[in-house]
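Novice: Quick one, fold the following:
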Amino acid sequence: MKAILKSLLIGSLVTLGLPALAENPRIEIDYETEALSNRAIAQGPIRVVASYTPIDYEAEEIGDNLTLQLFYNDELQLTATETAAMFAGIELMDLDSDGTSEVVVQTFTGGAHCCLAYTTYTWQDDQFNPTYFGYLDGGGGEFIDLNSDGLMEFVTLDNAFFYSFSSYAGSYPPSVILTYQNGAYRDTTTQFTNYLEDLAAGMRFTIEDPEFADRGSDKNGVLAGYVAQSIRLGQYRDAWQYMLAHYDRADDWGLETYDDNGDVAEQYADFPTALYAFLKDLGYLDVNGRPQPQVDRSPVVPERNTF
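Specialist: Sure, this is the predicted structure:
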């Protein structure tokens, strides 16, 4: 486990691509895929028909190029469109073991280290109800039943930590784990202590690795994630002391924040002060600085992703 975590960070934290899901009916699209017309997958009463046209990047306007028709018992219920730049996946998965599959759509929208869009369509109340995630970096996430209870978890990272205190490759965001049930995702991160502890151990290993230290200014990016991960574990005080003993005092990344106009909004004297404010802003600490292990960092958003 430690060797795997080390290689993820020292090379690059993530590799572009859509995570492999379980063996379920699936349509995959990549940069070599030519136009598709009415490609269908089905499981039980759920059927999806997909049509796709590769994006013409020389066109004046680039619009939605993936069309999905969602059927229940062979009756068309919903038509949806997505933008898929080079990569996409449409999969039927029974996320909560209720006997009816959900439609999970993953699309890559283009850009450096960005962006993976996820939409889950649930057959509920005689219609397909969509759940949208905000754009996810860091490889997106993957579906795993972490505790073998028949409810799938979506395991991802808190994307707010990318670039906040180090480069993208040097960032080591804390875990976010969502459990799907009854048509909704809940942030259940704190329920998976062993998983969180493994990642926290990998973070400490990285910080103390001499090879990583040679990279210079990425240490604080790992420590930020480590403190947040430790809050989830109820170990904030010890993690804060560990951070104070190991942080890079010469690194000024993240000591200034900016408003929407690009002007400096806040300036901090050092990394611990900036990290404290950052954790309060995200809800890992409350307004009085008390740790909040149950903070909800779900990427679910109320509306469809738009640029």
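
Novice: Output stretch 96-114 in PDB with nothing but the alpha carbons.
Specialist: What follows is stretch 96-114, C-alpha atoms only, in PDB (Å, rounded to 0.1, in the frame of the first residue of the first chain):
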ATOM      1  CA  ASP A  96     -28.100  -0.100  -3.800                       C
ATOM      2  CA  SER A  97     -29.000  -3.700  -4.600                       C
ATOM      3  CA  ASP A  98     -32.700  -3.000  -4.900                       C
ATOM      4  CA  GLY A  99     -33.000  -5.000  -8.100                       C
ATOM      5  CA  THR A 100     -33.100  -2.000 -10.500                       C
ATOM      6  CA  SER A 101     -30.000  -0.700 -12.100                       C
ATOM      7  CA  GLU A 102     -28.900   3.000 -12.100                       C
ATOM      8  CA  VAL A 103     -27.500   4.600 -15.200                       C
ATOM      9  CA  VAL A 104     -24.000   6.000 -14.400                       C
ATOM     10  CA  VAL A 105     -22.600   8.400 -17.000                       C
ATOM     11  CA  GLN A 106     -19.000   9.600 -16.900                       C
ATOM     12  CA  THR A 107     -17.600  12.100 -19.400                       C
ATOM     13  CA  PHE A 108     -14.300  13.900 -19.800                       C
ATOM     14  CA  THR A 109     -14.800  17.500 -20.800                       C
ATOM     15  CA  GLY A 110     -11.200  18.400 -21.700                       C
ATOM     16  CA  GLY A 111      -8.500  20.500 -20.100                       C
ATOM     17  CA  ALA A 112      -5.300  19.900 -18.100                       C
ATOM     18  CA  HIS A 113      -6.100  17.900 -15.000                       C
ATOM     19  CA  CYS A 114      -9.800  18.500 -15.700                       C
END
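
Novice: Could you give me the buried positions within it?
Specialist: Burial within stretch 96-114, assessed by neighbour count using 16 or more other C-beta atoms under 10 Å, is assigned to 96, 98, 100-110, 113-114. Yep, even glycine has a C-beta here, placed from its N, CA and C like the rest.

Novice: between these, which is nearest residue 151?
Specialist: Within those, proximity to residue 151 (C-beta to C-beta) peaks at residue 96, which comes in at 5.3 Å.

Novice: tell me the SS of that closest one?
Specialist: Assigned by DSSP: H, G, I helix; E, B strand; the rest coil, the conformation of residue 96 is coil.

Novice: so who does it touch?
Specialist: 102, 150-152, 180-182 (C-beta atoms under 8 Å, 6 or more residues apart in numbering).

Novice: Mind checking which of these are in strands?
Specialist: Judged by DSSP state E, the subset of the contacts of residue 96 located in strands is 102, 180-181.

Novice: which of the residues you listed lies closest to residue 201?
Specialist: residue 180 (27.3 Å).

Novice: hang on, the earlier thing: between the buried residues of stretch 96-114, which is closest to residue 256?
Specialist: Here the nearest of these to residue 256, counting by C-beta to C-beta, is residue 113; it sits at 21.4 Å.

Novice: quick one: the strands in the stretch 101-250 of the chain?
Specialist: 102-108, 116-124, 127-133, 141-144, 153-157, 175-181, 184-187 (DSSP state E, counting those that start in this stretch).

Novice: Residue 258 is nearest to which of these?
Specialist: strand 153-157 (22.9 Å).

Novice: Give me the distance between the two termini of stretch 181-190.
Specialist: Distance across stretch 181-190, first residue to last, is 17 Å (C-alpha to C-alpha, to the nearest Å).

Novice: quick one: buried residues of it?
Specialist: Buried residues in stretch 181-190 (16+ other C-beta under 10 Å): 181, 183-190.

Novice: Please apply the same query to stretch 136-146.
Specialist: In stretch 136-146, counting by 16+ other C-beta under 10 Å, buried: 136-141, 143-144, 146.

Novice: Turn these into a markdown table, including distance to residue 176 and pLDDT.
Specialist: Converted to a markdown table, the buried residues of stretch 136-146 look like this (distance: C-beta to C-beta, whole Å; pLDDT from 0 to 100):
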| residue | distance to residue 176 | pLDDT |
| --- | --- | --- |
| 136 | 10 | 92 |
| 137 | 12 | 85 |
| 138 | 10 | 67 |
| 139 | 13 | 79 |
| 140 | 12 | 89 |
| 141 | 8 | 93 |
| 143 | 14 | 96 |
| 144 | 13 | 96 |
| 146 | 13 | 97 |
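
Novice: Make a markdown table from these and add distance to residue 165 to it.
Specialist: Shown next, in a markdown table, are the buried residues of stretch 136-146 (distance: C-beta to C-beta, whole Å):
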| residue | distance to residue 165 |
| --- | --- |
| 136 | 19 |
| 137 | 15 |
| 138 | 15 |
| 139 | 20 |
| 140 | 22 |
| 141 | 22 |
| 143 | 29 |
| 144 | 28 |
| 146 | 28 |
